[in-house]
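Trainee: model this:
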Amino acid sequence: MDTTPEALRNTLEALYREIGETRMEGVPILNKKLGVAALGFEPWQDNALGVLLTPWFMNLVLVPLDQEKFIETAPEIGAKRLLNVPAGQVEFILFFEEGFGWSLSCSLFSPMFEFADHAAALETAQAALEEILNEGAELEPPEQEMQDIWAGKLPEPAPVEEVEAPPEPPKDMDRRTFLRGTLREPKTEEAET
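Mentor: The predicted model follows:
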């Protein structure tokens, strides 16, 4: 397999267009306004890192550049791995696609109905890729909040606003008035005329 960025992008786009026309045909989660696009896939560590956009998902994808070496350490398909990318830790799921090989994916969006058109989805994919490659970005794994709680780093409690106590019901309210949710007018002394 040619692992140059352009070759990976072209291969992924062709593969997922075919998947869209065959396996995904008629599946109701397709946003028909979107096409397939692969962004990035420049070498990063022992992988190529990019974003894959389809009518049914937008994923961050890592493609091991040495597929044979990766196979030696690869767990089962569907296994999860928490990996460090430039922006922080991200949870990936391991995939194998016939005709392509091994990859690791992290879902960014799925399904894709919130995108009005391909240009909007492409712009979001590009922004996501830039953010992921930004070492100053703050991405946290989904489990980070729970890890912080177990470590005793609980979030600061929100300030409690003082709420006025509800008015006291009149002392002469009967059961029927209470159940109807109506209040009787307080008794007033009739003025003498």
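
Trainee: Quick one: low-confidence residue ranges for the protein.
Mentor: 74, 136-193 (pLDDT under 70).

Trainee: Do a quick rundown of the strands in it.
Mentor: Using DSSP state E, the strands of the chain run over 37-44, 47-53, 58-64, 80-85, 88-97, 101-109.

Trainee: and of those, who's closest to Ile29?
Mentor: strand 101-109 (11.5 Å; Cβ to Cβ). C-betas here are computed from N, CA, C, even on glycine.

Trainee: tell me what that closest one is packed against?
Mentor: On a contact count with 3 or more Cβ pairs under 8 Å, 6 or more residues apart in numbering; DSSP states H and E, strand 101-109 meets strand 47-53, strand 58-64, helix 67-73, strand 88-97, helix 118-132.

Trainee: redo that, cut-off 10 Å
Mentor: Helices and strands touching strand 101-109, as assessed by 3 or more Cβ pairs under 10 Å, 6 or more residues apart in numbering; DSSP states H and E, comprise helix 5-21, strand 47-53, strand 58-64, helix 67-73, strand 80-85, strand 88-97, helix 118-132.

Trainee: so which of those is the most packed in?
Mentor: The highest average neighbour count among the helices and strands packed on strand 101-109, using mean count of other Cβ atoms under 10 Å, belongs to strand 47-53 at a mean of 24.

Trainee: between that one and strand 58-64, how many degrees?
Mentor: Relative orientation of strand 47-53 versus strand 58-64 (axes from the mean of the first three to the mean of the last three Cα atoms, to 10 degrees): 160 degrees.

Trainee: Quick one: work out the angle between strand 47-53 and strand 80-85.
Mentor: 110 degrees.

Trainee: Paired strands for strand 47-53, with orientation please.
Mentor: strand 37-44 (antiparallel), strand 58-64 (antiparallel) (DSSP bridges).

Trainee: coming back round to it: could I get the strands of the chain in JSON lines, plus columns for distance to Arg23?
Mentor: Converted to JSON lines, these look like this (distance: least, Cβ to Cβ, whole Å):
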{"stretch": "strand 37-44", "distance to Arg23": "18"}
{"stretch": "strand 47-53", "distance to Arg23": "15"}
{"stretch": "strand 58-64", "distance to Arg23": "16"}
{"stretch": "strand 80-85", "distance to Arg23": "23"}
{"stretch": "strand 88-97", "distance to Arg23": "11"}
{"stretch": "strand 101-109", "distance to Arg23": "16"}
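
Trainee: For Lys32, give its distance to Pro111.
Mentor: Computed as Cβ to Cβ, to the nearest Å, the Lys32 to Pro111 distance reads 12 Å.

Trainee: Counting neighbours, go ahead and name the busier of those two.
Mentor: Pro111 (15 against 6; other Cβ atoms under 10 Å).
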